[in-house]
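[1] I'd like to go over a predicted model; first the sequence, then the structure.
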Amino acid sequence: MEDRSRHRPRRTPVARLPLCSALLLAALAGCIQQPKYWVAAGHERAPGVHRLLLCPLNVAVSLPAEIASGAEPVHSELADYLEAQGLQVEHLSLVDARAQWREASAEARGTDSEDAAAIFARDLGESLEFDAMLMPSLIYLSVRVTDNSGTWDGVRRRVKMVNLPIRDPGVSGDTFTKGIAAGGIAGSVMASSLHVAAFLPDGQRVFEGQGGFDFTQVADLSGAYGMRFELRRRSNTFKNPDVLKEGVQIALEPYLPSRDH
Amino acid sequence: MRFAALVVAALQLALQGCAPPPTIPRSRLDGWSIADVGHVRLLGDIPHTEIQRLADDLALFDATFARITGRSHPAQEVPVTVFLIRDPELARCFDLGQGVAGWAHITLDGAFSAILARPDYAATRSTLFHEYTHVLLRRGRRAPLPPWYDEGVASFFGTWYARDSVVVVGAPSDAAVTRVRSLSPLSLDELFQGFRLARNGQDIADFYATSWALSHYLLLTPRGRSEMTRFVDELSRGNQPEQALRVAFGRSRSELESELNQHVAHLARRVVSEVVFEIDALDIYPAGRVAPLPTVDAARELGRMALQRARAGGDARDRALAKRLFEISASQQPPSARLEAEFSQALALSGRMQEAMAKIREALARAPNDPQVQLGAGRVELARAEAAESGKAASALDAAEAHYRKSLALDPGSASAWFGLGRVLRQAARPDEARSALQNSRHLGWSSRLDLAIGELELESGRSDEAFELLWPLVQYPHGGHVRDEASRLLEEAGLLPETPTRR
């Protein structure tokens, strides 16, 4: 049912973005349709990075309750991916990371010259040994769907439909049910992606990328004969390891590409 | 025409799923299991591994709740029984499904909660913790909580989850933030007026979202938490919500509203707003290991819950359900006085008085000094009095009074027995003694039915101010069901029901 086909991400770096998580903000506004990356010149494929500090998910950005169940499986998939690339991965606890983030945010508000993430990375770089630090965030975004399918952050997925009308569309006599049976709903459906930012120990931001996972809602068509459908929370968005693996890979592609490629 | 009516009736029965008489085969109650978490019992027809996971999470949740609210479990605690029901037919019998994922019912005998166990573990856990929070919030209270507080705090704690060796509470719901931020949030004036504003699904969703947002704002900081605690303490002292708000928050509603708007703007910008604790730093009372629950025991436990619902104004379906479940339980095990006492109450509520009397006599013969059996006998006699024609109720009332007094002699701390005695005395037209008995019950416990009974008594005695103070909060309670309807009717008949406010 799921369309696992994926749009190949663009490998050429896009124009330099201001160092203010523009990607993340844009994603939160739900306007990213294709994967976008930004890599600092000379940092493609993360040269010289062996020891990686992996932050817990969503240190700096709130994790919506609707996708909180994805925190553990996504973090686990991300860590596995990084280790599979031969990296030595160190983990930071959420409590420590949040405490450090609060300090960095306060400092950033005071200086007006640096972004909090850069200060956060630099402060950690002063006390911990790593070649690069990765800040991942699980994000929740609205995706425009046509004919049951939507494209965002390098993936194209179909919305899973449940409780499909069982009456023959030729018999049902209404166009809505016919349309549903023919396979098409259109509208905005909530989905999730992984956003990743990488920093050097001196606070320099060297990479941002984003990879899509899947829709977090299903279309319940039990009301189809009443000319309506309902979007319901999907229970297994983060249970498909292939989907997680793909999203992680897309998010990191130009910086830490998979050895399989 | 007749045929059409029959078709409609059959359809209604089919849609109800558990129409009277409920036909629950015994096999439907096979495969249940149970796990204890402190004073909470989790029972369910879900796999052992799932119930164990929920029990372990509940133990963590308890510790988190205690840490955030500063309230640990009192030594004396009413038992809490939570049913996790996956079987859709059985779930329908307890009004689960069709948009209802769970509910909690707090009585003087204990708290009961039923949760629809969905395939989505996180969704089931969220409902469980939401409903369980309602139970925790009512511990030791002697008054109903304001609906915004009750629902807001429950929604806040319903987002609990664990990850990376920490527990996280308060993850904002994107849907709630969007609703409060972009659509139609309630003003605090409207929010504090409670659920009477709710006209439709949109109003209800606005009410929940705004309640959550205010609770989220306050529970995130030590200052806010202390204000919330103060607010509840003021209510416990008997202060009205308006006064409690003034004392606890020490600022005007408009100031509080402005702070709330700022908070929601932060949430909309995805600023991190959660409470996070290291699991190792929590004081956890570990959950017990899950064990199989024999079919007869599952039937009895479900029967108790059905009996509580039937007693609290449930319909014929609830009464028939309770009777059927006790039937299953009693048919498969040696006689026991307490089971007979429970079964007899279900029979009495179903109008099968002779069978009920026979059964309670057997129970009394078996265990005359068991306060629970005496309590059951009082309830059966009271039901007999209520069913009797006028003029023929006196002997049943006398018998009920005797059984309640015997129960109290054996267990003076029984809020249920004092409540039953109060009801008997009221029916016997002894209002002062009735008031005293009901107040004794209120010192020992609280339920909405208790306040309804006292409020009704106060109205009959012409004490309309006292009646209003008791009945008005019941009218505002969002899930009050029969009690809310009754309180509303009493106030309306007495000309005390305030006009329904309109939304801005």
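    Structure received. Numbers count the residues shown, from 1 in each chain, chains lettered A, B, ... in the order given.

[2] Distance-wise, check the nearest residue to B:L339 once chain neighbours are set aside relative to B:R352.
    Excluding the flanking residues, the one nearest B:L339 by CB to CB, 6 or more residues apart in numbering or on different chains is B:A330, at 5.9 Å. Backbone N, C-alpha and C define where each C-beta goes, glycine included. Relative to B:R352, B:A330 is positioned 14 Å away (CB to CB, to the nearest Å).

[3] Between the two, point out the one with more neighbours.
    B:A330 (20 against 16; other CB atoms under 10 Å in any protein chain shown).

[4] Would you agree that one is in contact with B:A341?
    No: contact criterion CB atoms under 8 Å: B:A330 and B:A341 do not qualify, at 11.4 Å.

[5] Hmm, B:S113 and B:V80 touching each other?
    Yes: in this structure, B:V80 is within contact of B:S113 by CB under 8 Å, at 7.2 Å.

[6] Among the two, which residue is more densely surrounded?
    B:S113 (24 against 21).

[7] The strand or helix carrying the more buried one near chain A anywhere?
    Element membership of B:S113 [criterion: DSSP states H and E] is strand B:110-116. No: Strand B:110-116 is not in contact with chain A by CB under 8 Å from any CB of the partner chain; minimum separation 13.0 Å.

[8] overlap in contacts of B:V80 and B:S113?
    Common neighbours of B:V80 and B:S113 (criterion: CB atoms under 8 Å, 6 or more residues apart in numbering or on different chains): B:Y132, B:V135.

[9] And the strands in the stretch 251-400 of chain B, which stretches?
    With DSSP state E, counting those that start in this stretch as the criterion, the stretch 251-400 of chain B has strands at B:275-278, B:291-293.

[10] Quickly run through the sheet partners of the first one, with directions.
    So that's strand B:275-278. Its sheet considered, strand B:275-278 pairs with strand B:166-169 (antiparallel) by DSSP bridges.

[11] and the residue of the stretch 251-400 of chain B found nearest chain A, backbone torsions?
    Nearest to chain A in the stretch 251-400 of chain B, going by CB to the nearest CB, is B:R270, at a distance of 4.5 Å. In terms of degrees, to the nearest 10, the main-chain angles of B:R270 are phi 70, psi 30.

[12] Let me know the pLDDT of it.
    pLDDT for B:R270: 87.

[13] That one and A:S137 touch, don't they?
    No: B:R270 is beyond contact range of A:S137, at 9.0 Å (criterion: CB under 8 Å).

[14] Quick check: neighbours shared by the two?
    Common neighbours of B:R270 and A:S137 (CB under 8 Å, 6+ apart) are A:V61.

[15] what sits against the spatially closest residue to B:S448 that is not a sequence neighbour?
    Leaving aside its sequence neighbours, B:S448 sits nearest to B:V483 (CB to CB, 6+ apart; 4.5 Å). Neighbour list for B:V483: B:A312, B:G313, B:S448, B:R449, B:L452, B:L474, B:Y477 [criterion: CB under 8 Å, 6+ apart].

[16] In space, what's closest to B:L408 - neighbours in sequence excluded?
    Leaving aside its chain neighbours, B:L408 sits nearest to B:A417 (4.8 Å; criterion: CB to CB, 6+ apart).

[17] Next, the angle from the one helix or strand the one you found maps to to strand B:110-116.
    Under the criterion of DSSP H and E, B:A417 resides in helix B:415-427. If you take axes from the mean of the first three to the mean of the last three CA atoms, to 10 degrees, helix B:415-427 sits at 110 degrees to strand B:110-116.

[18] Show me what helix B:415-427 is packed against.
    Judged by 3 or more CB pairs under 8 Å, 6 or more residues apart in numbering or on different chains; DSSP states H and E, helix B:415-427 is in contact with helix B:371-387, helix B:394-410, helix B:431-444, helix B:448-460.

[19] Just the CA trace of the top helix by length along chain B, in CSV.
    The longest helix of chain B (DSSP state H) is helix B:48-69. Presented in CSV, the C-alpha positions along helix B:48-69 are these (Å, rounded to 0.1, in the frame of the first residue of the first chain):
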residue,chain,number,x,y,z
HIS,B,48,0.6,-10.0,29.4
THR,B,49,3.6,-8.1,27.9
GLU,B,50,1.4,-5.1,27.1
ILE,B,51,-0.2,-4.9,30.5
GLN,B,52,3.2,-5.3,32.2
ARG,B,53,4.5,-2.4,30.0
LEU,B,54,1.6,-0.2,31.0
ALA,B,55,2.1,-1.2,34.7
ASP,B,56,5.8,-0.3,34.6
ASP,B,57,5.0,3.0,32.9
LEU,B,58,2.3,3.7,35.5
ALA,B,59,4.8,3.2,38.3
LEU,B,60,7.1,5.8,36.6
PHE,B,61,4.1,8.0,36.0
ASP,B,62,3.1,7.9,39.7
ALA,B,63,6.7,9.0,40.6
THR,B,64,6.6,11.8,38.1
PHE,B,65,3.2,13.0,39.3
ALA,B,66,4.4,13.0,42.9
ARG,B,67,7.5,14.9,41.9
ILE,B,68,5.7,17.6,40.0
THR,B,69,2.8,18.1,42.3
